[in-house]
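Asks: Please work out how this folds:
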Amino acid sequence: MDGATSMTSEPSKSTSSEDNATGQESNPHTLANSTNFDHLWRIHDSIQQLTRAADSKAFALIVLASGLLFALVPIGFRGPFWLAVVSAIAVAALFVAIALAIMSVIPKTDKTAGSSHIFSGDIAEYTDAERFRQAVAALPLSKLTAALCSQIYVVAKIANRKLSLVGAALAILIVGALVSLVAIVSGHGMAQVAPVHKGVSVPTAHSRRPVTVAQFGDLLLYLPLYIAKYEGIFEDHGLDVTIISTGGDEKTFAAVLAGDAQFGVADPTFAAIASQQGQQGRVVASIVQGMPNYAVSLIPNDRIISSPSELDGVTIATPPAPSTAYLLIKHLYEAGGLTPSIRQVAPSGLLATVKAGDADYALLIEPWVSQVVREGGTLALSLQDYYDEFALTGVTVSADLVHEDPDLIRRFNEALSDAVTIFYADEATSLRVARRVFPTEDPRDLKAGLSRHRGDRIYPFDLQVSENAWNSAVELRRESGELSDDAGKFEDIVDNSLH
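Replies: Numbering: from 1, shown residues only. From the prediction side, this is the model:
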């Protein structure tokens, strides 16, 4: 290579000038009597052992990296965003390591010496040692030595290439293995979480405190609440929880103020509205921090609404004012410079309104969105695309409870936070709880709905209320006239200290 003698050409049959001068035959030296040649051949063999060792290491790297990839599959990039990023980095590193290892094994062709030198089998230019010996056996010693030096050079280059690639693959594999270990341990830790109140033994049934939670009604949006109840998480935190339904967000907060429930799960802005009227309440956690409401059509492949201006000539059925869904759709029409065209109907009648031809789309939540899509309808608009940071559902309490029993609130929030962790890490448990709470719904729709919620990441991991999300929700109520400009300030209503 690079000026070395090419080994694929026919061996020379002419004598050298040195041989003619001494009168010797052109081929007095053979493999059998050439100690110099044997020494060079041993060097060649030593280098070949390096190439074989490099190949063995490459195969081992491929097997190890593939095993780590299979170990990452159950995690499936689920869980917190940081865990998905870590998993992606690990997968990328492992694939690069596998690619480098494969490259080190693939035969190398080098044409810098004027002919192809191909590494295959035992040696570089020839497929086996015997063929090489036959090819050079007729050469005089001077040419024989040069030929084998050329051969050694080629093999050394190949060995160097292989070892370099395997070294790089090993370094990347070590990084990928460490990152994979973090992802695997974190992922399995989340899936097998067994929440217990920090450092405290699990309370017995006699020591658990009875707690009532008021909600609008059974909604898939509230799934962390149901996971905490039916998976025993509230009990682990010393709470015996009873859930009651009020039929309205404003009624839920009224139940909290009246003392009929310690906690309310509903639209948190009603705490601000009540505060404006002199009824003091606090928002102590956020459950849904986004807008998982979707406009669906019963027509297959109906047009998709990609901007507010495309609502021109479109009628949407929503729950009646002052529901958040109604206000946001109204706001979206106005953002497009349009007069709102909204049919206000009870949630149970939304699809019927579309079927009757009184509206083009119905604004629904899961699992009914997935049901419409499964039956051939079209998901045409997602409010999540416009309001991804919005305090839609929170935990409300009375101001007195914050002062009198902050530990109760803290335990309740910790239980909900554990439930959110299970939701993102354990699909099977989430679906099992959903099927228990919604036994009449098609399991396929429940599974698809949960997958959409998981993909949209509607539940914050720490449950603290984002100031931006709160301001977005409060501003909407101000625009509707339900709140004055100086009411509902974040620092007056929200308490994030009880986590």
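Asks: Now do the end-to-end distance for stretch 299-314.
Replies: Using C-alpha to C-alpha, to the nearest Å, one end of stretch 299-314 lies 14 Å from the other.
Asks: again with stretch 450-467
Replies: Stretch 450-467 end-to-end distance (C-alpha to C-alpha) = 26 Å.
Asks: hmm, who's touching it?
Replies: For stretch 450-467, contacts defined as C-beta atoms under 8 Å, 6 or more residues apart in numbering pick out 78, 80-81, 220-221, 223-224, 268, 283, 285-290, 292, 366, 369-370, 384, 388-389, 391, 394-395, 413, 416-417, 420-421, 423-424, 427, 430-431, 434, 490, 494, 496, 499. For glycine as for every other residue, the C-beta is placed from the backbone atoms N, C-alpha and C.
Asks: which ones among the residues you listed are found in helices?
Replies: In helices, judged by DSSP state H, the following of these are found: 81, 223-224, 369-370, 413, 416-417, 420-421, 423-424, 427, 430-431, 434, 490.
Asks: Select only the buried ones of those in PyMOL?
Replies: Typed into PyMOL, the line below selects the buried ones among the ones in helices among the contacts of stretch 450-467, using 16 or more other C-beta atoms under 10 Å:
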select buried, resi 223+224+369+370+413+416+417+420+421+423+424+427+430+431+434+490
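Asks: roughly how far is stretch 174-181 from the heart of the chain?
Replies: The chain centre lies 17 Å from the centre of stretch 174-181; the measure is C-alpha atoms, centre = their mean, to the nearest Å.
Asks: meant to ask about stretch 261-272, not that
Replies: For stretch 261-272, the distance to the chain centre is 32 Å (C-alpha atoms, centre = their mean).
Asks: neighbours of residue 411, just the number please.
Replies: 23 (other C-beta atoms under 10 Å).
Asks: what's the answer for the one 3 residues further on, then?
Replies: Burial measure for residue 414: 22 neighbouring residues, criterion other C-beta under 10 Å.
Asks: Give me the pLDDT for the residue nearest to it when sequence neighbours are not counted.
Replies: Closest residue to residue 414 apart from its sequence neighbours, by C-beta to C-beta, 6 or more residues apart in numbering: residue 237 at 6.0 Å. We have a pLDDT of 95 for residue 237.
Asks: where does residue 362 fall, phi/psi-wise?
Replies: Taking degrees, to the nearest 10, you get phi -120, psi 140 for the backbone angles of residue 362.
Asks: Use 617 as the first number for this chain going forward.
Replies: Sure, I'll start numbering at 617, so the last one becomes residue 978.
Asks: Let me know the secondary structure of the nearest residue to residue 928 once chain neighbours are set aside.
Replies: Taking C-beta to C-beta, 6+ apart, and ignoring the residues beside it in sequence, residue 928 has residue 954 as its nearest neighbour in space, at 5.6 Å. Recorded secondary structure, residue 954: coil (DSSP: H, G, I helix; E, B strand; the rest coil).
Asks: Residue 954 contacts residue 926, doesn't it?
Replies: No - between residue 954 and residue 926 there is no contact under C-beta atoms under 8 Å: 9.6 Å.
Asks: ok, how many other residues are close to residue 705?
Replies: Neighbours of residue 705 (other C-beta under 10 Å): 16.
Asks: would it count as being in a helix?
Replies: Yes - membership of residue 705 in a helix is supported by three-state DSSP.
Asks: how close does it get to residue 953?
Replies: 44 Å (C-beta to C-beta, to the nearest Å).
Asks: now residue 682
Replies: Taking C-beta to C-beta, one finds residue 682 at 56 Å from residue 953.
Asks: Likewise for residue 794?
Replies: From residue 794 to residue 953 the distance is 54 Å (C-beta to C-beta).
Asks: just residue 1009 next, same as before
Replies: 30 Å.
Asks: what do you get for residue 1055?
Replies: Counting by C-beta to C-beta - residue 1055 and residue 953 are separated by 45 Å.
Asks: now residue 1091
Replies: Counting by C-beta to C-beta, the gap from residue 1091 to residue 953 is 19 Å.
Asks: More neighbours: these two, which one.
Replies: More crowded of residue 1091 and residue 953, by other C-beta under 10 Å: residue 1091, with 15 against 10.
Asks: if I've got this straight, that one is in a strand?
Replies: No - assessed with three-state DSSP, residue 1091 is helix; it does not lie in a strand.
Asks: Helices along the stretch 717-866 of the chain, start to end?
Replies: Taking DSSP state H, counting those that start in this stretch as the criterion, the stretch 717-866 of the chain carries its helices at 745-752, 757-807, 839-846, 849-852, 865-873.
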